[in-house]
Every structure is written in C-alpha cells, then in structure tokens.
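Engineer: Structure for this input, please:
(one chain, ligands or ions: 3)
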Amino acid sequence: MAPPPAASPGADYNPDRPNPDRPNPWVEVLVDCPQIQGLFTYAIPPHLPVAIGDILTVPFGHQQLGAIAIALPSAPPPDLSPSQIKAVIDIVNPGFFPRHYWDLLRQVAQYYCTPIMAVIRTALPPGLLGRSQRRIRLNAPAIPPDAEVFLRPAALQLLQLLRQSKTGEYSWRYLQQQMPTAQRGLPDLLQRGWVSSYLEPPSPPRPKQQKAVTLVRQPDPTEPLTERQRQLLASLGRSGGDLWLSHLLQQCHASSSIVTTLAKKGFVVIQERENLRSEAEHPLDRDQPKALSPHQAAALAYIQGLTQAQTVLLHGVTGSGKTEVYLQAIAPVLQRGQSALVLVPEIGLTPQLTDRFRQRFGSQVCVYHSALSDGERYDTWRQMLQGDPQVVIGTRSAVFAPLPHLGLVILDEEHDSSFKQSQPQPCYHARTVAQWRSQLAPCPLILGSATPALETWHQAFSDPREGHPPPSHYLSLPSRIYDRPQPQIRVIDMRQEFHCGNRSIFSRSLRNALETLRETGQQGLLFVPRRGHSTFVSCRSCGEALDCPHCDVSLSHHQPHGGARSLLRCHYCHYASVQPEQCPHCGSPYLKFFGSGTQRVTQELERHLPDLRWIRFDSDTTRTKGAHRALLTQFAQGEADILVGTQMLTKGIDLPQVTLVGVMAADGLFHLPDFRAGEQACQTLLQVAGRAGRGAEPGQVILQTYKPDHEVIAAVVRQGYGDYLAQELAQRSPLHYPPYSQLVLLRISSLEADRTAQVAEALGQFLTSRLPESVLLLGPAPAPILRVARRFRWHLLLKLCDPSLGLDWFPALELQQRCGPGVALTIDVDPLSLS
Ligand SMILES: Nc1ncnc2c1ncn2[C@@H]1O[C@H](COP(=O)(O)OP(=O)(O)OP(=O)(O)O)[C@@H](O)[C@H]1O
Ligand SMILES: [Zn+2]
Ligand SMILES: [Zn+2]
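Structural biologist: Ligands and ions are numbered 1, 2, ... in the order given. Next comes the predicted model:
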C-alpha cells in the first residue's frame, strides 16, 4: 500500500490544541524513515487530541512509524480524496516542540533556500524518531481488581501479556511480535488509562561510575598528619564533606595517593558512585551580583526596560564587564519564570564564561552543544521542554534549543565567524536565526562584542528611514572596569629588524619584553595568526612544495613529541603522512621547513629564551576533551610564563596577571583573498590585544608586522574601531558589498574536474535567464582552492544589489535538480567566506 502523497507545504494551521467544536481532522506529519523523508497527511480520529509538536505513531505501508505532527491544515491536499487518507494510530509523546517552533524552522528553510528536512536534521537531536523505541507500560494502581470483565479479548490478552513483565512494561515491537492482535487491544487500555505509552530515548547511555570521597571524621589537632593532609581534609569539609575524587584533587592540587592514605587512616571513604550526566562538571562557589559601573548600570537599565522583541548591540571594549551585564539581565528573567538562551562561539574555549554563569545561577545553567552524545542531547532536549526557568548556554546550533518560555537571547562575541554554518545546508547564521527567535518569542536580543560585526554596526547606525527607527539599539561600555587603561600598542616594523641584522622571528623589543616577564612575575601571550598556514615543506633542490594528494594545498609540518618522526598534515581533509626521506618530485634528500606556526615559535623560544616556561595552546595540544580547561588552569596558576597560541587566544581569556601580548606577524591576517579580511583582522587583533592589562598592572602589546602602515594596523593602534568600520562601510558601498547588497554563493563540487566545470557552466546559464534586473551573477569560477578532499570545486556568486529584494525568485530546487548524480550543490546565503 503506497503512503499518501506529500501535502503542499505552508498550509496554514492552528498552533493550539484543536477546538473540540470545530475539530481539525487532518494533520501533516513528518515521517522519519531512512528511505523516505517528507511531509504526509493523515486523518485525526475524533478521540485523539493531536496538536502540533506531538510525536505520533502512523501507519506507513506495512509498518508503523514514528512521526511528528507539524501542521493542522484545514483541508487535505486537493489531489487526495479523504477516503484515501489513513488515520493516526496514537499520540506517543505530546508536545515535543514549543509553540512557534515550526514557524522558526520554516523561516530558516525559506530564507536559506534549504529543504525543511535538512533544517530539521540540524535543529533536532539526532535519531529523535529513527532510533527512539515506543514502549507500553502498565499503570497498575489504575487497574481495578475485576479488570477482566470490562475488556474485549484482544485488550485482555494484551493486559495479561504485560502482567508477565517483571518491570510492568515491554517494547511495542515485542508486544506486536508476541500478539498479532496487539494493535486492536491497545486503544481500549490506553483510553481507560490502564497502560501508557512512551518513547524511550535512543540507546540510553550507561550511567557513569566515578570515585567519590566522603569525609567520615575530622582530625583533632594532636593527630600525626602532614600539613597537606590537613589541608585536604579541611578543603573537603568546606565543600560539604562529599566530593568527586577528581574535583577534590583539582581543588587541592593534590595527588590521589594522599587521599588513599587518608582513607587507610580512616578519615575518608572512597567509593564508586553514579555520576548523573546532567551534573555540573565542577563544583563552584556561588557568587553575588557585583556593584555595577555607571556604564554597566545604564546599559542594564535600558535592557530591563524592554518588554518586546528588540535587538540591542552592546558594544563594550575588552574588559568592560559585558558578562556582568548579561548575568544581571538574566536574573529577573529567571525570577519571572522564563528562560534565557546564551550563545557563545565555542564552549570548549570559554570555560571561564560557563563557570561565571554556574557561579551565579548554579544548576539552573544547562550547557548544550554539538559535542554532547546523542543520549545527552536527547535528555537535555526533554529537560528544556518541561519549561522550568533556566539558562541554556550553547554554541551555534543551540539557537534551536526548544525553550518554551524564552525571556532573553544573548549572543556573546557576536562578530565571531563560528556562528555561521558554511556546510552542510542550511548555511544559517545564529545571529539571524536569533533575531527571528526574538521576534517569535517575543523577547529582547542582546548582541555583545568589543568588535561588532560590520553588519551589526550598520543595523544600529543605518539612517532611520522615514518613520523607521534603526533595527537595533546601540549601547556602549566605553571603558574598562575601574577605568583601567587599555593596553599600549607598539608596532614593530620587521623589515627594519631584518635590515639591522636580526634574523630571528622575535624583534628586539619583543625579546626584551619577554625577558622581563620572569623578573616581574607577570605573564604573556604570544599570538601566532593562522594555524599551520605557512608551515610547509619544500625541496631545496627543485623548489617543489609537498602537497596534499587530495587537495590543492601544501601539507603542514608537525613535530610530534620527542624524537618521533615528523608528520605532514593537511588542514583541509586531515590527510596525514610521515615526512618522507626524499623529495617525491626529484629524490633530493634536502627538504626545508618554512613558516612560523606555534611549534616553530616554541622551538625558537627554547633556543633564544631557554629560561622561559611556555604552554602551547592550539588545535594540536587541545584535541582531547577538557584540554582547554586544563591548559588554561595550569597557566592561570602560574605554571608557565607564556601561552603560545593561535586564534583560540583571542577568545574570552580574562587573567589579571597577563600584562604582555606579542603578535608574531600580523600580516598573515590581512593577506587573504576576501573582502572581509580587513574587518576580521581588525577584530582579531583588538580582541587579542584586549587580553593584556586587565588587572591592576597596565598592559602592553607588541605587534610585529612587515606592513606597519596598513590601515588595519593604524586602526588597532588608535583603538578606533568605530572609525575603522565607518571607513570600511564607505569602501563597501560603491562596490556593492554587504551590507549594501546581499550575496548568495553557490558551491558546486564533484570528483571529476570536467563535470564540475560543466555543471557550474550550465547552472550559470540557467540562472542568467532567471535573474531579476538588480542581481549580478559572477562566475562560474574555480574556487580559490580548487580541490579539497579530492573534490573539485567551482563557485557562482550572486550579488543582490538591492538587499530588500529577497530570494523568492531564486530557483533553488531547479538548480539542485540540474546538478545530476555525483555533483553536490551547496547554497550559501549571506556567505561569510568566499573561499
Ligand atoms: N561591576 C564590576 N565590578 C568589579 N569587577 C567587575 C565588574 N564587572 C565586571 N568585572 C570584572 O571585570 C573583568 C572583565 O569583565 P568581562 O570579562 O565581563 O569583560 P568583557 O567585557 O566580557 O571583556 P572581553 O570582551 O574582553 O572578554 C572580569 O574579571 C569581571 O569579573
Ligand atoms: Zn625536489
Ligand atoms: Zn587534503
């Protein structure tokens, strides 16, 4: 039996439970089945109060499948006669989505020219339907002793079957296997409330067992204990006498042998215990709201006066205390019984930020990001739906967190490019989606940054058109807490260093500054722009570079620990190989390493400044879970003098003892073939500079470059970000770059070079015939890196010179259909990167 055809999307629906007087007998559902994914129409039986967001069981061919109710259309699709339409079997789990959730997903699908299924896959926990298992459970207290007399044979048989289960429940699949008439018996039992049916999460993860330490006895002063042992016991006592072993050790910087000794002496007991997954990773002392600076107070007052959807740009210089404003803006939201959503660039990089939220709001803080396991995501999803007031902190995809009573949305470091998904589709920007969420909720949206994105800036300062206020409101925190000064920035011309005979990667000034760190007991950061970008290997005899066999890029050189052989790695496709003995092109044994990645910098430190202790902080050293936190903690505790790192250094490090920031060579940031390169370089440099001098001691920044007169360098030295943006806007306007236009990038790729070029050409011709007047088509052209992971890549770029035109005319589906097998097309609306 064929399933009913797909209903037309966009049918209007009633978001509330159906009105019993005017029942809505049709429901559009999304069926999740690997081969066939799409929308189908079913009939709602009179006794089932189906509402949008319910998880249902529906007949589908010969099977029964899980399905999500997504719309209640007023009529079935015209090409379907009502008699053909099958009925929903049951509601398995009511209310899986908050109100307006589908409006949001539809808006994303429409704006980003993406099929709704792809949006759903991005938003929902994986395997929500596919791997969830329906189970039937006896509700023993509700069943009267003489139940048998009420029931028809099928229901009775099912009841008896369930009574055989030790736990009082079975999977629905098992019941159907045991009893062909199970389907007939179930509705009766459900209606009487004698059984209930629910969905079990996909493969519930096993509870984690962990060692816990409990204090059993406090020592009296005469007991023979070492100072360390006493400290540890005291610390355990202050934490309530019960801690995870790992936390205790971390808290006291102790080794586990101390605890074992204390256990032998009978002061503590160590036992294995279940660690609930939702529990916070670290016990933290609670803190109190801080007394606000006048600027903070003014910003908070404005935010608290907002009652509706309104976007606010909170432009606070580095160290101005934006986080405290967020915290105090959230507190009353929770008190009102609503929830807050806080989006951050990368959770792993900002343990300090999550800690601050936990210190203020304790267990009301919930962290949601893509590194959670499926089971954890599912649990968190269910928990959020219950609607208890909470703060959800998460990365990009958390913008889809199903919080029913949303009172505030915050994007911290809103300029960060990780808020944009570049693949797979939908290529959404969390800031854009957050604006829709804020309108649907409705609730305020705060965009916070020391270096706002140009688009955000433009939104706050665009000329108010006749009667239209700017779409967002500008709030400023122009100075640091306690009016501490911004660091002094010195630019060092590396060409001159070279002329003066200094061949080292450290200028004399930077070297001096590094040398004095130890004397003063202060700490520094060394920022190395762009990971592995220029750490290539080439042959001294023939000059050829060693390239990735799958991509058009050179391999980067990595030195594993100790004397191990060097590795060559591709940063695009993760191909890795052992460094060859000879040049693969000419056989020469003389290979040379170029570049100054973090590794090169640490090697040079060893050579020139052997007394300095350093920690390397980049994607190689932070690969394992918890490594960010561990390295930052070591550094914060003074176990090293400098932290040598990549872009990660620019994000959210707030350490008062850091007084020096060195930038190795800023040039790598602005020599990029992208019209946003200047803006992004300026943001990165101001952010990393802003890590210096946040405590009582003033900070200094030493910025090495081969182009000291570059306009970005000038802006950074002046710390004139607003001026720089004004200048940048003036340059973009005549060139019709965003925000004065809208861009759409079509990425076409396949394994065959010719085929990719042909399809790109064909799509270009097809589009040309459809272009509205104000739209320019650029290309097709080969992508800046033609081959990545063995796929050849071509681009087509659309420039909508009138950004208000929108994309209603854009034939996304036809373009997809014209690609043919083996050719992939990604439609990137508002692309952040053109490479
Ligand atoms: N009102 C206040 N009184 C005292 N200290 C404060 C106050 N507000 C913030 N701080 C402290 O000032 C420091 C800087 O604050 P915070 O990290 O929030 O700045 P920020 O604006 O987010 O900076 P960045 O953008 O550079 O990360 C923090 O250590 C914070 O605890
Ligand atoms: Zn060679
Ligand atoms: Zn590669």
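Engineer: Check the offset of the strand or helix carrying V325 from the chain's centre.
Structural biologist: Per DSSP states H and E, V325 falls inside helix 322-335. On the basis of Cα atoms, centre = their mean, to the nearest Å, helix 322-335 sits 21 Å off its chain's mean C-alpha point.
Engineer: Can you give the contact residues for that helix?
Structural biologist: 289-290, 292, 296, 299-300, 303-304, 314, 316, 339-340, 342, 353, 356-357, 360-361, 364, 389-391, 407-408, 410, 412, 446, 448, 450, 477 (Cβ atoms under 8 Å, 6 or more residues apart in numbering). Every C-beta, even on glycine, is put in place using the N, C-alpha and C of the backbone.
Engineer: Touching the helix or strand following it from outside, list them.
Structural biologist: Using DSSP H and E, the helix or strand that follows helix 322-335 in sequence is strand 339-343. Residues outside strand 339-343 that contact it (Cβ under 8 Å, 6+ apart) are 326, 330, 333-334, 357, 384, 387-396, 398-399, 401, 403-412, 419, 430, 434, 437.
Engineer: Emit the ChimeraX select command for whichever of these are buried.
Structural biologist: The ChimeraX command for the buried members of those (criterion: 16 or more other Cβ atoms under 10 Å) is given here:
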select :326,330,333,334,357,384,387,389,390,391,392,393,394,395,396,398,399,401,403,404,405,406,407,408,409,410,411,412,419,430,434,437
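Engineer: can you narrow the contacts of strand 339-343 to ones near ligand 2?
Structural biologist: With the criterion set as Cβ under 5 Å from the ion, no member of the contacts of strand 339-343 is near ligand 2.
Engineer: out of the contacts of strand 339-343, which are inside strands?
Structural biologist: V391, V392, I393, G394, L406, G407, L408, V409, I410, L411, D412 (DSSP state E).
Engineer: what bridges to the third one?
Structural biologist: If I follow you right, that is I393. V342, V367 (DSSP bridges).
Engineer: ok, which stretches of the stretch 1-150 of the chain are strands?
Structural biologist: For the stretch 1-150 of the chain, the strands defined by DSSP state E, counting those that start in this stretch cover 26-32, 37-43, 55-60, 63-71, 90-93, 133-138.
Engineer: other SSEs contacting the fourth one?
Structural biologist: Contacts defined by 3 or more Cβ pairs under 8 Å, 6 or more residues apart in numbering; DSSP states H and E place strand 63-71 against strand 26-32, strand 37-43, strand 55-60.
Engineer: which one of those is the most hemmed in?
Structural biologist: Neighbour counts (mean count of other Cβ atoms under 10 Å) averaged over each of these peak at strand 26-32, with a mean of 24.
Engineer: Return the distance of the residue most central in space within the chain relative to T432.
Structural biologist: Centroid-nearest residue in the chain: T395, 2.5 Å away (criterion: Cα atoms, centre = their mean). According to Cβ to Cβ, to the nearest Å, T395 and T432 sit 16 Å apart.
Engineer: Ok, P811 next?
Structural biologist: Distance from P811 to T432, by Cβ to Cβ: 22 Å.
Engineer: next one: G448
Structural biologist: As for G448, its distance to T432 is 16 Å (criterion: Cβ to Cβ).
Engineer: Looking at those two now, which is surrounded by more residues?
Structural biologist: Ranked by neighbour count (other Cβ atoms under 10 Å), G448 and T432 place G448 first, with 24 against 18.
Engineer: now the nearest residue to that one once chain neighbours are set aside, what's its secondary structure?
Structural biologist: Sequence neighbours aside, L314 is the residue nearest to G448 in space, at 4.3 Å (criterion: Cβ to Cβ, 6 or more residues apart in numbering). Secondary structure of L314, reduced to three states by DSSP: H, G, I helix; E, B strand; the rest coil: strand.
Engineer: Quick one: neighbours of the residue nearest to I91 when sequence neighbours are not counted, just the number.
Structural biologist: Once flanking residues are discounted, I91 sits nearest to D54: 5.1 Å by Cβ to Cβ, 6+ apart. By the criterion of other Cβ under 10 Å, D54 has 24 neighbours.
Engineer: do you know how far the residue nearest to the residue nearest to the centre of the chain when sequence neighbours are not counted is from ligand 3?
Structural biologist: Spatially, and ignoring its direct neighbours in sequence, T395 is nearest to H369 (4.6 Å; Cβ to Cβ, 6+ apart). Distance, H369 to ligand 3, using Cβ to the ion, to the nearest Å: 27 Å.
Engineer: what sits against H369?
Structural biologist: I347, G394, T395, S397, A398.
Engineer: what's the distance between the residue of the chain most remote from its centre and ligand 3?
Structural biologist: The centre of the chain is farthest from one residue, V149, which by Cα atoms, centre = their mean lies 56.7 Å away. Distance, V149 to ligand 3, using Cβ to the ion: 73 Å.
Engineer: And the helix holding V325, what's buried?
Structural biologist: Using 16+ other Cβ under 10 Å as the test for burial, helix 322-335 gives K322, T323, E324, V325, Y326, L327, Q328, A329, I330, A331, V333, L334.
Engineer: you'd agree S750 is up against F792?
Structural biologist: Yes: S750 lies in contact with F792 (Cβ atoms under 8 Å); the separation is 6.3 Å.
Engineer: what touches both of the two?
Structural biologist: Joint contacts of S750 and F792 (Cβ under 8 Å, 6+ apart) are T756.
Engineer: returning to what we had before: pick out the lowest-pLDDT one from the contacts of H369.
Structural biologist: Among the contacts of H369, I347 has the lowest pLDDT, at 72.
Engineer: what about it, how many neighbours?
Structural biologist: Using other Cβ under 10 Å, I347 has 20 other residues around it.
Engineer: and what of T318?
Structural biologist: Taking other Cβ under 10 Å as the neighbour definition, T318 ends up with a count of 23.
Engineer: shouldn't it be in contact with L685?
Structural biologist: No: judged on Cβ under 8 Å, T318 makes no contact with L685 at a distance of 11.3 Å.
Engineer: show me what contacts V399?
Structural biologist: Residues near V399 by Cβ under 8 Å, 6+ apart: L341, L343, Y428, A430, V433, A434, R437.
Engineer: would you turn those residues into JSON lines with pLDDT and distance to ligand 3?
Structural biologist: Below are those laid out as JSON lines (pLDDT from 0 to 100; distance: Cβ to the ion, whole Å):
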{"residue": "L341", "pLDDT": "97", "distance to ligand 3": "36"}
{"residue": "L343", "pLDDT": "96", "distance to ligand 3": "31"}
{"residue": "Y428", "pLDDT": "97", "distance to ligand 3": "26"}
{"residue": "A430", "pLDDT": "97", "distance to ligand 3": "28"}
{"residue": "V433", "pLDDT": "97", "distance to ligand 3": "31"}
{"residue": "A434", "pLDDT": "96", "distance to ligand 3": "34"}
{"residue": "R437", "pLDDT": "95", "distance to ligand 3": "37"}
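Engineer: Identify the farthest-apart pair in the residues you listed.
Structural biologist: L341 and Y428 (15.2 Å; Cβ to Cβ).
Engineer: low-scoring stretches of the stretch 351-500 of the chain, by residue?
Structural biologist: For the stretch 351-500 of the chain, the stretches flagged by pLDDT under 70 are 370-371, 463-470.
Engineer: Could you pull up the mean pLDDT of stretch 224-243?
Structural biologist: For stretch 224-243, mean pLDDT rounds to 84.
Engineer: Check stretch 310-325 too.
Structural biologist: Averaging pLDDT along stretch 310-325 yields 94.
Engineer: Return the residues in contact with the closest residue in space to P115 that isn't next to it in sequence.
Structural biologist: Distance criterion Cβ to Cβ, 6+ apart; nearest residue to P115, sequence neighbours excluded, is A109 at 6.7 Å. Neighbouring residues of A109 by Cβ under 8 Å, 6+ apart: P115, I116, A118, V119, P426.
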